[in-house]
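Participant: compute the structure for the input listed below.
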Amino acid sequence: MKTVSLAAALLLAPAGLATAEPADGASPTAAYNWSGVYIGAQAGYAWGEGRVGQTFVPGAFDNYGWGYNPSGGFGGLYIGYVKQFDSGVVLGIEGDYNFASVKGTTLYRALGVDDPLFGGELRLDAVGSLRVRAGYAVGRWLPFISGGLAMANYKHTTVHLPGSVPYADVSETISGYTVGGGAEYAVTDNWVLRGEYRFADFGRHPSVRHSTLDGAAIKPDAIDLKAHDLRIGVAYKF
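Facilitator: Reported below is the predicted structural model:
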């Protein structure tokens with residue numbers, strides 16, 4: 001019986017050592033360190049609220065123009081650097097650039113009445129940001145928040161209906177702010193998965209359409225744009 005007990009103890013010892021916690025009580029996964037440079041690819045879905053209103057007289061913006069609810073997909077790259085401190089706090093900086101196909105269509109509206117002869121399309125062709133990040137390491141998990149500068153390249157086209165014949169357009173890059181949060185998981189020491197939500201407010205900016213026939217400027221407009229998105233990504237940490 002003593003021989004059997006000794007054999008059982010020897011067989012079970014490795015399993016016990018494999019699952020035992022270190023003497024200081026830390027989890028074995030706590031040894032993972034998030035510090036380093038990383039580069040990744042991401043894709044997501046965005047939706048928002050936009051308005052292009054005319055500004056030819058005070059108060060015209062809210063009463064004359066186009067109200068949009070653009071939506072669609074995007075994808076691109078991100079790169080950043082983070083530093084993990086002894087406390088578990090992780091701080092860093094990150095930039096990203098994405099090609100987008102986020103768009104919406106609507107009718108021109110004057111004093112609350114739709115005009116069936118004039119329509120418009122608002123499209124986001126590219127979006128990007130430069131943000132600071134803050135998180136707290138929980139082993140291979142990293143919940144985080146971020147915030148900073150947001151940028152978007154948009155194109156606004158107005159058309160005659162029926163037929164959707166363009167008669168004026170404008171393409172510009174605008175800036176605002178973005179905030180968000182999410183979580184990362186280190187699948188290996190180098191490969192990291194991410195899920196994230198972001199909100200961006202680009203504020204209100206002047207926007208002047210030009211005729212597609214002769215390039216002449218149309219009555220001045222302004223664009224007001226807000227956006228939400230959900231995105232996933234995978235990065236390689238060096």
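
Participant: what is the neighbour count of Thr157?
Facilitator: By other Cβ atoms under 10 Å, 20 other residues sit near Thr157. Bear in mind the C-beta positions are built from the backbone N, C-alpha and C, glycine included.

Participant: please enumerate residues in contact with stretch 125-133?
Facilitator: If you take Cβ atoms under 8 Å, 6 or more residues apart in numbering as the criterion, stretch 125-133 is touched by 46, 74, 76, 80, 82, 90-102, 144-155, 171, 178, 198, 200, 227.

Participant: what's in contact with stretch 65-76?
Facilitator: By Cβ under 8 Å, 6+ apart, the list of residues contacting stretch 65-76 from outside reads 41-54, 96-109, 120, 122-124, 127-128, 156, 158, 221, 227, 229, 231.

Participant: ok, and the closest non-adjacent residue to Trp47?
Facilitator: The shortest distance from Trp47 to any residue that is not its chain neighbour, by Cβ to Cβ, 6 or more residues apart in numbering, is 4.1 Å, and that residue is Ser71.

Participant: which regions of the protein sit below the pLDDT cut-off?
Facilitator: Across the chain, residues meeting the criterion (pLDDT under 70) sit at 1-30.

Participant: please, where are all the helices along it?
Facilitator: Counting by DSSP state H, one finds helices in the chain at the ranges 2-19, 60-63.

Participant: check this protein and tell me which residue is nearest its centre.
Facilitator: Computing the C-alpha centroid of the chain and ranking residues by Cα atoms, centre = their mean puts Arg198 first, at 5.0 Å.

Participant: could you point out the longest strand in the chain?
Facilitator: If you go by DSSP state E, the chain has its longest strand at strand 113-136.

Participant: that one pairs with which strands?
Facilitator: Paired with strand 113-136 in the same sheet, following DSSP bridges, are strand 89-110 (antiparallel), strand 141-160 (antiparallel).

Participant: let's have those in TSV, adding distance to Pro58.
Facilitator: Listed next are these as TSV, based on distance: least, Cβ to Cβ, whole Å:
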stretch	distance to Pro58
strand 89-110	16
strand 141-160	22
